[in-house]
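Student: Sequence plus predicted model, see below.
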Amino acid sequence: MEVTDRIVLTIELRLDVQEFYFRYAECLDGGRLQHWPEFFLDTCNYRITTRRGLRQGPDDDIMSLAGKTTLRDRMAAIGQSEDYEPYTQRHYVSNFRVQAAGPDELRVQANFQVLRTYPERPTGFFVSGNYQDRIAVNGGRLNFSEKLCVLDSDVAPESLIYPI
Amino acid sequence: MEVTDRIVLTIELRLDVQEFYFRYAECLDGGRLQHWPEFFLDTCNYRITTRRGLRQGPDDDIMSLAGKTTLRDRMAAIGQSEDYEPYTQRHYVSNFRVQAAGPDELRVQANFQVLRTYPERPTGFFVSGNYQDRIAVNGGRLNFSEKLCVLDSDVAPESLIYPI
Amino acid sequence: MEVTDRIVLTIELRLDVQEFYFRYAECLDGGRLQHWPEFFLDTCNYRITTRRGLRQGPDDDIMSLAGKTTLRDRMAAIGQSEDYEPYTQRHYVSNFRVQAAGPDELRVQANFQVLRTYPERPTGFFVSGNYQDRIAVNGGRLNFSEKLCVLDSDVAPESLIYPI
């Protein structure tokens, strides 16, 4: 039974991780920015960079936010500022690679592709890349302690305002 | 054992739901239109709309079919009509969100992206969006009682003839 | 218990198959070509063709390699030749359809979409299609005995040099 139990738990965790990413994407695709920080720990990092930027270090980050309070402030600022862009996102998250780093933390990689749609316009490609994340596991609850979005292209897309 | 069994069944159902969508997509990507209605209950609805159309109500549906007989008639009509378009589809279904609505019914959301290929032409983007479906569970058998395809763009693509 | 055990194993195998494809894609997306042959048996076939090419037979293959030694030689040759193209790939593998063909072999289909990025350029669509593979199962170890990549478009993309 021990072996079976271990397998069951492992499988459940693997599926729970996928579901966590799918809820995260659903939040962004639905435009619920104010809910987005809740996927993170209080102490956390959210970064967007490129393949080349990743080699050159954090100074080349396209976006870099530290701490859930900062994430909340930024989302509130977007809602009030002229930065607002009326596009919607559509995420495709796949190719999950889960690696346990300890009893309370997972390291997870996944590929993402985000399409973007402006009102009255056809949908178009927005960004693609690879998530390289750390997820804290607390009971059955998952939260990002670090989320690193590495874009495939060194050419940053226009109007990269919302999280991805 | 009860807890373990419950987990196992839940996991199996989650994977069975994904497999159901993958068989559905395989049917359409393979061009087997006459087989497509078999994924539905006798009493069913199949609708394609847009994000904006969804807010405005069923009158704005791009396609709306009620009942498996209607689905079959439409597929037979496509085969005989000048509507025929020689393109093939390629579905990418991901970001599954399964919510049980009762012992015999599931509510499932998933993201879809469909590419389209005409003979002698490069493959191109066709449509993207979000399935918002109701699935009847009868023993181990799954069937759509309602399938709602919400396109991201308000601009309907040309030649949206086949189901997606 | 027997039934439960069988289900557990089946679920695990289904997830292991997905993970096998995700590791395969990770290898190619990371540009580690010299590691790519290790996903295959010593006796194996790797083929890329199109939907139309598949109907017309192996003579129309875009790429056809037999045996792990041949795969290794080809990867070494790419590294040394003028064929070298500085693009990176990003794979999205989904819509898995797993069928047991025997106690030691699986037949697996999956949809793939590959994006491509050249330095200093935006990411673009590269190829899409359907894997139609045979996988040998030896203990917990999976290896391709046959990997057939069927491209959706009959128009072969430029610079299809690396495996997909």
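Tutor: Looks like it arrived, so ask away.

Student: now the helices for chain A?
Tutor: Counting by DSSP state H, one finds helices in chain A at the ranges A:2-29, A:51-56, A:68-80.

Student: Packing partners of the shortest one?
Tutor: This points to helix A:51-56. Applying 3 or more Cβ pairs under 8 Å, 6 or more residues apart in numbering or on different chains; DSSP states H and E, we find helix A:51-56 packed against strand A:141-151. Yep, even glycine has a C-beta here, placed from its N, CA and C like the rest.

Student: The last one too?
Tutor: For helix A:68-80, the packing partners by 3+ Cβ pairs under 8 Å, 6+ apart come out as strand A:40-50.

Student: what about stretch A:144-160, average pLDDT?
Tutor: Stretch A:144-160 shows a mean pLDDT of 94.

Student: That stretch near chain C anywhere?
Tutor: Yes. Legend: contact between stretch A:144-160 and chain C by Cβ under 8 Å from any Cβ of the partner chain is shown at A:152-155, A:157.

Student: buried residues in that stretch?
Tutor: Buried residues in stretch A:144-160, defined by neighbour count with 16 or more other Cβ atoms under 10 Å in any protein chain shown: A:144-154, A:156-157, A:160.

Student: among those, which are within reach of chain B?
Tutor: Near chain B, taking Cβ under 8 Å from any Cβ as the test, no member of the buried residues of stretch A:144-160 is found.

Student: Make CSV out of these and add distance to residue B:51.
Tutor: Listed next are these as CSV, based on distance: Cβ to Cβ, whole Å:
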residue, distance to residue B:51
A:144, 28
A:145, 33
A:146, 32
A:147, 27
A:148, 30
A:149, 25
A:150, 29
A:151, 26
A:152, 27
A:153, 27
A:154, 32
A:156, 27
A:157, 21
A:160, 22
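
Student: Nearest to residue A:43 among these?
Tutor: Closest to residue A:43 out of those is residue A:145 (7.1 Å), distances taken as Cβ to Cβ.

Student: can you tell me which of the helices of chain A the model trusts least?
Tutor: With a mean of 80, helix A:2-29 has the lowest mean pLDDT of these.

Student: pretty sure residue A:61 contacts residue A:53?
Tutor: Yes. Contact status for residue A:61 versus residue A:53: in contact at 6.4 Å, counting by Cβ atoms under 8 Å.

Student: residues near the closest residue to residue A:35 other than its chain neighbours, how many?
Tutor: When the adjacent residues along the chain are set aside, residue A:35 lies closest to residue A:27, with 5.3 Å between them (Cβ to Cβ, 6 or more residues apart in numbering or on different chains). By other Cβ atoms under 10 Å in any protein chain shown, the residues close to residue A:27 number 19.

Student: Kindly provide the distance from residue A:78 to chain B.
Tutor: Residue A:78 sits 20 Å away from chain B, going by Cβ to the nearest Cβ, to the nearest Å.

Student: OK, contacts around that residue?
Tutor: Residue A:78 makes contact with A:33, A:84, A:161-162, according to Cβ atoms under 8 Å, 6 or more residues apart in numbering or on different chains.

Student: Ok, residue A:42 next?
Tutor: Contacts of residue A:42 (Cβ under 8 Å, 6+ apart): A:67-69.

Student: At the contact with chain B, which residues of chain A appear?
Tutor: By the rule Cβ under 8 Å from any Cβ, the part of chain A lying against chain B is A:4-5, A:8, A:11-12, A:15, A:19, A:22-23, A:25-26, A:29, A:88, A:90-94, A:115, A:117, A:119-125.

Student: Out of those, which end up buried?
Tutor: For the residues of chain A next to chain B, a burial check counting by 16+ other Cβ under 10 Å picks out A:8, A:11-12, A:15, A:19, A:22, A:25-26, A:29, A:88, A:90-94, A:115, A:117, A:123, A:125.

Student: residues of stretch A:46-63 that come out buried?
Tutor: Buried, per 16+ other Cβ under 10 Å, within stretch A:46-63: A:46-51, A:53-54, A:61, A:63.

Student: any idea how far it is from the chain center?
Tutor: Centroid displacement of stretch A:46-63 relative to its chain, using Cα atoms, centre = their mean, to the nearest Å, is 15 Å.

Student: And for that stretch, what's in contact with it?
Tutor: The set of residues external to stretch A:46-63 that reach it, using Cβ under 8 Å, 6+ apart, is A:40, A:64-66, A:71, A:129, A:144, A:146-154, A:156, A:160, A:163-164, C:88.

Student: 6 Å instead, please
Tutor: A:64-65, A:147-151, A:154, A:156 (Cβ atoms under 6 Å, 6 or more residues apart in numbering or on different chains).

Student: circling back: just the contacts of residue A:78 now: which is nearest chain B?
Tutor: Nearest to chain B among the contacts of residue A:78: residue A:162, at 15.1 Å, using Cβ to the nearest Cβ.

Student: Since that was my last question, I'll sign off now.
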